[in-house]
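In: Next input, structure requested:
(chains A and B)
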2 protein chains.
Amino acid sequence: MKHVQRLERDKNTMAEASVSPAHPFDSAVALVAKGEGVYEGHTSDDFWNFTGPFGGVTAATLLNAVMKHGKRIGTPVAMTVNYCAPVAKGAFTVTVREVRTNRSTQHWTIELSQPEAGVSVTATAVFAIRRETWSHVPGAMPQSPPPETLPKLPTRGLMEWMQAYDFRFARNMPAPPRPEPADDDLGPALSHVWMKMQPERPLDFLSLMAISDTFFGRIFHVRKSMIRIGTVSMTPYFHVDAEEIAAAGSDYLFGTADANVFNKGYSDQVAAMWSRSGRLVATSHQIVYFRS
Amino acid sequence: MKHVQRLERDKNTMAEASVSPAHPFDSAVALVAKGEGVYEGHTSDDFWNFTGPFGGVTAATLLNAVMKHGKRIGTPVAMTVNYCAPVAKGAFTVTVREVRTNRSTQHWTIELSQPEAGVSVTATAVFAIRRETWSHVPGAMPQSPPPETLPKLPTRGLMEWMQAYDFRFARNMPAPPRPEPADDDLGPALSHVWMKMQPERPLDFLSLMAISDTFFGRIFHVRKSMIRIGTVSMTPYFHVDAEEIAAAGSDYLFGTADANVFNKGYSDQVAAMWSRSGRLVATSHQIVYFRS
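Out: Got it, this is the predicted structure:
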């Protein structure tokens, strides 16, 4: 545990000092401290989405602000990120407030703002010092062929952020989008996918936060067409501590994502992620706006 | 829709003016405006839990503060409530901040504080004006015997808040707790339960928020023993608008709750709630602390 924490500190120091060329993800989530709980960051073209930066990287950047805070204890257990408006290309400020620190838990609120756009993201986070307890995992990883036996999703020509991930679908691979929704021939919402960063990067809470937002809109799988969507709010729960997350290394994660409902402009998404060895590392929930 | 809104206004007015004896739930979530975005409330003995008020009523009270706010648009789509510390018996202040209002969505942050205890609850909420769209509900209500054919859970002698609900388990009825956890004979985490308020009260967003927190700790079902637990963070998603929620009336809701993981002091809970007619009204997620 101590060894892992030391490694993480070393890595942070390296990223800040640019001793070696930083991984594009580390550059994207990088923050410079401007005062107690105030950080400055910059959007990354490497993780651009339709109308703003990829939400997973924005969420990871907000989490990074808490990770870097001098008063932080433990590791993230839950975080909710609300996307209020698109983040504009350029610099932004992340403001972090320590709301309450108990013996083993800590509560934070976080905001991302830009001079002209105002507050575009709000978040809350719960951190905890986790200790060994009775453990039980009813949520077993579904059986799946290994990623090496599955085709890699072609992402050439698609959004920038997608170039940063290697996706290998084991179930419900998205078909080429149809010009019109396939409303007489709906597909299932559930998909299974192996995923990892490219170039490779060891899993930590920041990259786990980001990858939990990589699942494609469930509506694409169901209607087999590109519908305009946007995540409105996202809540990942982290089920591992620093030592357990480090054990995942830079190998593939296995992810499942499903939806219960599409109604009056909003749909949900329920996702889970396991390390290749079958450890459940996170579950994640989203509410997603979709255009009629 | 307009009719429903008018009825809701009338009800609020009645509750405030105490024209008729208010339902205990309406008294518990009642707030008095003290200024722009500042409300005063009081804990209710009718909804007392182990060490503080029932978290579902606290969450509903925070939601009520947004519902009552003069600048509120639409109805709740998502809300995250973080329980930072127990709420002490007595008066409290709810502070609401309108972060951003877009054309059809609105973002809020909310806090509950007490003079001596400081901030004990933080929350974020997303509201939206919902419009008719393509609709699809893969999350169908499981088959179940009707509530009238199932025994009512005896709650006499249990916590005060439990007296406010009629629970009828259709699957995994909790057994009388054993003195020691049944770790050689674990039960399933998944339960199915019909539930409604007693005395009856028509469903609205406030009571739906509260009922989404009534599912018993999954660990009680699994270990068949009373383990000390506490919800740390909760995120319900509302899948209906005011008209659709009113259609549920004061009839039973059908709820499912399950868990994926219990590890290093924390477990998750994934829940869904349908009206008796089979409409999915909400899904809800929790992360729960448990004592070793």
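
In: ok, A:G255 touching A:H192?
Out: Yes. Counting by Cβ atoms under 8 Å, A:G255 touches A:H192, with 7.3 Å between them. In short, each C-beta sits where N, CA and C put it, glycine included.

In: what about whichever residue of the stretch 51-200 of chain A sits closest to chain B, helix or strand, and which?
Out: Closest contact between the stretch 51-200 of chain A and chain B, by Cβ to the nearest Cβ, is at A:G139 (2.9 Å). According to DSSP states H and E, A:G139 maps onto no helix or strand at all.

In: What number of residues are in the vicinity of it?
Out: By other Cβ atoms under 10 Å in any protein chain shown, 19 other residues sit near A:G139.

In: what pLDDT does it get?
Out: Note on A:G139: pLDDT of 96.

In: Quick check, it in contact with A:L280.
Out: Yes. Using Cβ under 8 Å, A:G139 is in contact with A:L280, at 5.3 Å.

In: what sits in contact with each of these two?
Out: Common contacts of A:G139 and A:L280 (Cβ atoms under 8 Å, 6 or more residues apart in numbering or on different chains): A:272, B:260-261.

In: ok, now which ones touch the residue of the stretch 51-200 of chain A closest to chain B?
Out: A:G139 touches A:272, A:280, A:283, B:259-261, counting by Cβ under 8 Å, 6+ apart.

In: and it, how far is that from B:N260?
Out: 3 Å (Cβ to Cβ, to the nearest Å).

In: Quick check: neighbours shared by the two?
Out: Common neighbours of A:G139 and B:N260 (Cβ under 8 Å, 6+ apart) are A:272, A:280, A:283.

In: For the stretch 151-292 of chain A, which residue gets nearest to chain B?
Out: Residue of the stretch 151-292 of chain A nearest chain B, by Cβ to the nearest Cβ: A:N260 (2.9 Å).

In: Can you read off the backbone torsions of that residue?
Out: phi -100, psi -30 (degrees, to the nearest 10).

In: per-residue confidence for it?
Out: A:N260 is assigned a pLDDT of 98 by the prediction.

In: So what's the residue count around it?
Out: Using other Cβ under 10 Å, A:N260 has 21 other residues around it.

In: Next one: the closest residue to it other than its chain neighbours from B:F50, what distance?
Out: Computed as Cβ to Cβ, 6 or more residues apart in numbering or on different chains, the closest residue to A:N260 that is not its neighbour in sequence is B:G139, at 2.9 Å. Going from B:G139 to B:F50 by Cβ to Cβ gives 32 Å.

In: likewise A:T124?
Out: Counting by Cβ to Cβ, the gap from A:T124 to B:F50 is 24 Å.

In: What of A:M234?
Out: Distance from A:M234 to B:F50, by Cβ to Cβ: 31 Å.

In: Same check on A:A123?
Out: 29 Å.

In: Stretch A:210-223 close to chain B?
Out: Yes. Stretch A:210-223 lies within reach of chain B by Cβ under 8 Å from any Cβ of the partner chain, at A:222-223.

In: Distance to A:P188 for the shared contacts of A:G139 and A:L280 - can I get that in TSV?
Out: What follows is the shared contacts of A:G139 and A:L280, written out as TSV (distance: Cβ to Cβ, whole Å):
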residue	distance to A:P188
A:A272	16
B:N260	20
B:V261	24
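
In: Closest one of those residues to A:I129?
Out: Using Cβ to Cβ, B:V261 is the member of those that lies nearest A:I129, at 18.1 Å.

In: So which of A:T124 and B:F50 has more stuff around it?
Out: Per other Cβ under 10 Å, whichever of A:T124 and B:F50 has more neighbours is A:T124, with 26 against 11.

In: show me what contacts that one?
Out: Contacts for A:T124 were tallied using Cβ under 8 Å, 6+ apart; they are A:79-80, A:107-110, B:80, B:82, B:122-124, B:233.

In: what do you get for A:T43?
Out: With contacts defined as Cβ under 8 Å, 6+ apart, A:T43 is in contact with A:28, A:52-53, A:87-90, A:92.

In: Buried only: go through those residues for me.
Out: By neighbour count, with 16 or more other Cβ atoms under 10 Å in any protein chain shown, the contacts of A:T43 hold A:28, A:52-53, A:87-88, A:92 as buried.

In: Quick one: mark the members of those that sit in helices.
Out: Counted as lying in helices by DSSP state H, out of those, are A:A28.

In: Chain B next: which of the buried ones among the contacts of A:T43 are close?
Out: Okay, of the buried ones among the contacts of A:T43, nothing touches chain B (Cβ under 8 Å from any Cβ).

In: Just name the closest of the shared contacts of A:G139 and A:L280 to B:D241, please.
Out: A:A272 (29.1 Å).

In: Where does that closest one sit, in terms of helix or strand?
Out: strand A:266-275.

In: Tell me if that strand is near chain B.
Out: Yes. Strand A:266-275 lies within reach of chain B by Cβ under 8 Å from any Cβ, at A:266, A:268, A:270, A:272.

In: quick one: stretch A:174-181 to chain centroid distance?
Out: 25 Å (Cα atoms, centre = their mean, to the nearest Å).

In: what does that stretch rub up against?
Out: Against stretch A:174-181 from outside (Cβ under 8 Å, 6+ apart): A:153, A:187, A:191, A:216, A:220-221, A:223-227, B:134.

In: got a list of what A:I245 touches?
Out: A:I245 makes contacts with A:75, A:203-205, A:208, A:238, A:281, as judged by Cβ under 8 Å, 6+ apart.

In: could I get these as JSON lines with distance to chain B and secondary structure?
Out: Output for these, formatted as JSON lines (distance: Cβ to the nearest Cβ, whole Å; DSSP: H, G, I helix; E, B strand; the rest coil):
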{"residue": "A:T75", "distance to chain B": "10", "secondary structure": "strand"}
{"residue": "A:L203", "distance to chain B": "16", "secondary structure": "coil"}
{"residue": "A:D204", "distance to chain B": "17", "secondary structure": "coil"}
{"residue": "A:F205", "distance to chain B": "14", "secondary structure": "helix"}
{"residue": "A:L208", "distance to chain B": "15", "secondary structure": "helix"}
{"residue": "A:F238", "distance to chain B": "9", "secondary structure": "strand"}
{"residue": "A:V281", "distance to chain B": "10", "secondary structure": "strand"}
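
In: doesn't A:A88 make contact with A:P53?
Out: No. Checked against Cβ under 8 Å, the pair A:P53 and A:A88 is beyond contact range at 9.4 Å.

In: Okay, and the beta partners of the closest residue to A:L253 other than its chain neighbours?
Out: Of all residues not flanking A:L253 in the chain, A:M273 sits nearest, at 4.9 Å (Cβ to Cβ, 6+ apart). A:M273 has these beta-bridge partners by DSSP bridges: A:G255, A:A282.

In: Just list the residues touching A:M273, thanks.
Out: So A:M273 contacts A:208, A:211-212, A:253-255, A:280-284 (Cβ under 8 Å, 6+ apart).

In: let's see 7 Å
Out: A:211-212, A:253, A:255, A:281-282 (Cβ atoms under 7 Å, 6 or more residues apart in numbering or on different chains).

In: who's sitting farthest from the centroid in chain A?
Out: Most distant from the centre of chain A: A:D184, at 32.8 Å, with distances by Cα atoms, centre = their mean.

In: List only buried entries from the contacts of A:G139.
Out: For the contacts of A:G139, buried by 16+ other Cβ under 10 Å: A:272, A:280, A:283, B:259-261.

In: For these, work out which two are farthest apart.
Out: Across the buried ones among the contacts of A:G139 (Cβ to Cβ), the longest gap, 11.9 Å, separates A:A272 and B:A259.

In: quick one on the thing from earlier: may I see the buried ones among the contacts of A:G139 organised as CSV, with distance to A:V96 added?
Out: Listed next are these as CSV, based on distance: Cβ to Cβ, whole Å:
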residue, distance to A:V96
A:A272, 28
A:L280, 28
A:T283, 24
B:A259, 31
B:N260, 29
B:V261, 28
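
In: So A:P181: helix, strand or coil?
Out: Secondary structure state of A:P181, per DSSP: H, G, I helix; E, B strand; the rest coil, is coil.
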